[in-house]
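1. Structural data only, the sequence is not supplied:
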């Protein structure tokens, strides 16, 4: 199948690649670039585990084709920590046991990054709106909700009313 | 060598504050949070090929022809396998009961939708799937039986023609004078229930990379494998290999809950690797494959059950008849799910006699497998509904009815009629704590108010047992008589005093590596962060079963503390030699070996280890110079099963009481969980944060089971739930905040007094939620007998009540 050339900025680095038009963004990131931190849970857009940020907005990388991000920027979980220093959301998940097996965690973290980048002090509804788009099978969401609260505090936002 | 394993925190050789018994940051997390943990699909090997599996679209059909020529010609395709290859190179899967397994690829007929028929290995998954579309299979459809009641009839189509029947097992187990108990009862409550298929659905599906070595005739399998040693033995049997020629490398996995499955897909992938001259072949099950034919479909059950009760509210007998639809084969451990309730048949109650009429039936559906809890959760759903019915009939409050029947705290260890022994407990205290947490009287008065307004508000109070630390003898009745499930660990102190622990299980989410680091750091007086925990594959690891049956926390604690004690004994010999005293005078405390009360006669763990490894000139003769030891822990006192299946199987019995308030919307049948409170006792809590995490997650799965999750099939055996749009997983919207309180009754039988707690709340949650729903429906004279209690089912019951009432007012 004929390849198509794309240019895409991934976690701050420009990449140029020739990809098959049918290659999914998730497969491109994982198998062409080795960015395996983005995981695949269902490949039909329900579970949210493969969420990445495209130009700052969270999207399902399993439902996008690599050719669709030509000229755009993509952020994945690998881009969050600065060297040895974890991102505050990652710290918060660690502090509050917001993960167990950790397979869904990158998707949750990327969705929450979008939320907290836009709104450092989200309401309960806004938080649930984001978390409700993803599935975690291990935690029952309790640890994730605590982690959101902790991340909001770490990132300078006010205390959300969720767990008060 | 006698090994001394501490029975409580206080017996550890450390002064407080200890690391064990506290929640702490997990050593597993940094890699998981940054995407660096290598799950199976993250692994790439040189010359690796990718597998796609062609599956049957029919629930039952004869295969009359397969043409792979066009697919073989597609560039990038390296190997294709069909049933012929399976016949040539493999045996049928082992099964329970025996004799109900088939080859990994259909050889003559397909018996369920999704059964593998052919598979392709190609340079990419994309090409492999292209090739799959070029394979032509000719089917001659056969009559389908997708319902176990029909399957048991004499004229039913046969799933396996050679068996002459679809009934895999039909046996009645009687424990005590059951007949008499029911004859003498003041009141007998009988009811029928239906538990629909549901299951694990870990967020990561199964995956593997298989390499057949054509010269060595050996297999290396990497995968998201929950029980590596068992998995390896199974593959050795399938491929007629010596067990030491199968090496299983278990990658960290994205959840499992018993429902990872994957044996068929692995065997198919192994055949492909063999056909591709030993090139590694990767198969990653996609979600549609998982939902159609994966490893998680559990508990497809039809119950008919009764309890015998005296007028004073004491339950004197229990009868359970179960028809369990195992699907097309016995390969996936569905049968042991039906056997496990023996470990806790009568729940937390003193019911003295019981009977289990067990029928395991084959149908044209995907073979059923294990899921968190393995089988008791539906059993307790049934038992707890009967308890509520009896309480209602006798006019006794459901909480008090349970209190009357609880095993009293001074009766432990307590032998239940089905043969298992419970270790310890204080069930009444757990009930008291749960009722206090929920403010039960206030809930009841609020309910009375709501009922006056015509609202369907219900309160459920349910209790169940979580059998913990399994042994295989629990499954003797379905053909698995063995006892003993060893778990080993190797603890090594290096020349600089740093400690490494080697274990045979990989990360799965329960934080066991953190637990190991807590144990070792307390034992030798170091920081948990300094302890490295390393996974070993099956050809290198000490004997290990891994997580399963709520056992690993207890078992690995025994293994690690046993290994630590073995090192202590060796090191004490060395230190005694240096200090010119006897080894029994040497005491380890807070990281120092020495003579108590003699400050100058102390050596740090690092000094002792360094001496052992570097200064042979200073060692006493005949001492083993390695500051390293392996200990393999297994539960003591397990007994083989008797003729009625009775055995001391599970070592621990955790108990819980859940109090749930729900409201059912009259217009939609939708259930809102308004309050969720629980008290539980799983003995000593090794890491309370981990225990709470397991509880939260297990409640969520229990709510999924009670309200949402169902694998459904049409009458032709066609699965109707093959995406997450149809199979409904609980999201943050469905899972309420869970209020929890802990009661701690240490186990007298286990390391540190801990009990199994990993499967946890799912034993009680579906029972409690359904008790609450049925409490809400009681004023309507209706009862939910089917799980999940989906809105449509409840809506139908509410309409039925309204129609009946309208009918009544017309005629009345």
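-> Good, I have the coordinates. A quick note: this is a predicted structure, and the numbers were derived from the prediction, not measured.
2. Is any residue of stretch B:738-747 near chain A?
-> Yes: taking CB under 8 Å from any CB of the partner chain as the criterion, stretch B:738-747 and chain A are in contact, through residue B:738. All C-beta spots, glycine's among them, are computed from the backbone N, C-alpha and C.
3. Any idea how far apart the tips of that stretch sit?
-> Across its full length, stretch B:738-747 reaches 25 Å between end residues, using CA to CA, to the nearest Å.
4. so how far is it from its chain's centroid?
-> Distance of stretch B:738-747 from its chain centroid, counting by CA atoms, centre = their mean, to the nearest Å, is 21 Å.
5. Same check on stretch A:48-67?
-> 8 Å.
6. Which strand or helix spans whichever residue of chain A sits closest to chain B?
-> Using CB to the nearest CB, the point where chain A gets nearest to chain B is residue A:37, with a distance of 1.7 Å. Taking DSSP states H and E as the definition, one finds residue A:37 inside no helix or strand.
7. Model confidence at the residue minimising distance to the centre of chain A, what's the number?
-> Central residue of chain A (CA atoms, centre = their mean): residue A:110, 2.3 Å from the mean position. Residue-level confidence at residue A:110 comes out at 98, pLDDT.
8. Could you grab the helix/strand/coil label for it?
-> Under DSSP: H, G, I helix; E, B strand; the rest coil, the three-state class of residue A:110 is helix.
9. pLDDT weak spots in chain A?
-> Within chain A, the stretches falling below the threshold (pLDDT under 70) are A:1, A:158-164.
10. Can you show me the helices along it?
-> Here chain A has its helices, by DSSP state H, at A:25-27, A:88-95, A:105-118, A:124-131, A:142-154.
11. How is the chain partitioned into domains?
-> By default, I'm working from chain A. Taking automatic domain parsing as the domain assignment, the ranges for chain A are A:4-79, A:88-154.
12. that's the wrong chain, I meant chain B
-> Here chain B is described, according to automatic domain parsing, as comprising the domains B:9-37+B:486-633, B:40-142+B:211-253+B:261-271, B:374-382+B:391-468+B:648-806.
13. sorry, back to before: quick check: closest non-adjacent residue to the residue of chain A closest to chain B.
-> The spatial neighbour of residue A:37 that comes closest, neighbours along the chain excluded (CB to CB, 6 or more residues apart in numbering or on different chains), is residue B:35 at 1.7 Å.
14. show me the contacts for that neighbour.
-> Remark: with contacts taken as CB atoms under 8 Å, 6 or more residues apart in numbering or on different chains, residue B:35 is in contact with A:35, A:36, A:37, A:38, A:76, A:77, A:78, A:106.
15. Residue B:495 now?
-> Remark: with contacts taken as CB under 8 Å, 6+ apart, residue B:495 is in contact with B:609, B:610, B:613, B:614.
16. wait, the residue nearest to the centre of chain A sits on residue A:49?
-> No: under the criterion of CB atoms under 8 Å, residue A:110 makes no contact with residue A:49, lying 10.0 Å away.
17. What are the phi and psi values at whichever residue of chain B sits closest to chain A?
-> Sorted by distance to chain A under CB to the nearest CB, the residues of chain B start with residue B:35, at 1.7 Å. Backbone torsions of residue B:35, given as degrees, to the nearest 10, read phi 80, psi 20.
18. And the pLDDT at it?
-> For residue B:35, the model assigns a pLDDT of 97.
19. list the buried ones in stretch B:554-567?
-> Of the residues in stretch B:554-567, those scored as buried under the neighbour-count criterion (16 or more other CB atoms under 10 Å in any protein chain shown) are B:554-567.
20. next one: stretch B:83-91
-> By 16+ other CB under 10 Å, the buried positions in stretch B:83-91 come out as B:83, B:85, B:86, B:89, B:90.
21. Same question for stretch B:132-143.
-> By neighbour count on 16+ other CB under 10 Å, the buried set for stretch B:132-143 is B:132, B:134, B:135, B:137, B:139, B:142.
22. Give me the distance between the two termini of it.
-> In terms of CA to CA, the two terminal residues of stretch B:132-143 are separated by 26 Å.
23. for stretch B:254-266, same thing?
-> Chord length of stretch B:254-266, first to last residue, is 18 Å (CA to CA).
24. Just the ones of the buried residues of stretch B:132-143 in strands?
-> With strands taken from DSSP state E, the overlap with those comprises B:137, B:139.
25. Hmm, residue B:205 is touching residue B:285, no?
-> Yes: with contact defined as CB under 8 Å, residue B:205 reaches residue B:285; the gap is 4.2 Å.
26. quick one, which of those two is more surrounded?
-> When neighbours are counted by other CB atoms under 10 Å in any protein chain shown, residue B:205 comes out ahead of the other of residue B:205 and residue B:285, with 30 against 26.
27. re the thing from before, and the furthest pair within the buried residues of stretch B:83-91?
-> Across those, no pair lies farther apart than B:83 and B:89, at 11.1 Å, counting by CB to CB.
28. what sits against the nearest residue to residue A:70 once chain neighbours are set aside?
-> Nearest residue to residue A:70, sequence neighbours excluded (CB to CB, 6+ apart): residue A:6, at 4.0 Å. Going by CB under 8 Å, 6+ apart, residue A:6 touches A:16, A:17, A:18, A:19, A:66, A:67, A:69, A:70, A:71.
29. Pick the most deeply packed of the domains of chain A.
-> Ranked by mean neighbour count under mean count of other CB atoms under 10 Å in any protein chain shown, these are led by domain A:88-154, which reaches a mean of 23.
30. how would you label residue B:584: helix, strand or coil?
-> What three-state DSSP gives for residue B:584 is helix.
31. Can you pull the residues of the stretch 201-350 of chain B lying near chain A?
-> Residues of the stretch 201-350 of chain B lying near chain A (CB under 8 Å from any CB): B:201, B:202, B:203, B:204, B:252, B:253, B:254, B:255, B:257, B:286, B:287, B:288.
32. Pull out the buried members of the residues you listed.
-> Listed as buried from those are B:201, B:202, B:203, B:204, B:252, B:253, B:254, B:255, B:257, B:286, B:287, B:288; burial here means 16+ other CB under 10 Å.
33. Just the helices from the stretch 51-200 of chain B, written as ranges.
-> B:69-73, B:83-89, B:125-133, B:148-151, B:178-184 (DSSP state H, counting those that start in this stretch).
34. got CSV for those, with distance to residue B:760 too?
-> Below are the helices of the stretch 51-200 of chain B laid out as CSV (distance: least, CB to CB, whole Å):
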stretch, distance to residue B:760
helix B:69-73, 47
helix B:83-89, 39
helix B:125-133, 36
helix B:148-151, 29
helix B:178-184, 31
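35. Which one of those lies nearest to residue B:673?
-> helix B:148-151 (31.5 Å).
36. Quick check: mean pLDDT of that closest one?
-> 98.
37. Tell me the helices and strands packed up against that helix.
-> In terms of contacts (3 or more CB pairs under 8 Å, 6 or more residues apart in numbering or on different chains; DSSP states H and E), helix B:148-151 is packed against strand B:315-325, strand B:354-361.
38. possible to save these as CSV with distance to residue B:245 and mean neighbour count?
-> Formatted as CSV, those follow (distance: least, CB to CB, whole Å; neighbours: other CB atoms under 10 Å in any protein chain shown):
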stretch, distance to residue B:245, mean neighbour count
strand B:315-325, 36, 23
strand B:354-361, 33, 23
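39. Quick check: which of those strands is nearest to residue B:789?
-> Checking these against residue B:789 by CB to CB gives strand B:315-325 as the closest, at 19.8 Å.
40. Which helix or strand lies directly C-terminal to that closest one?
-> helix B:334-339.
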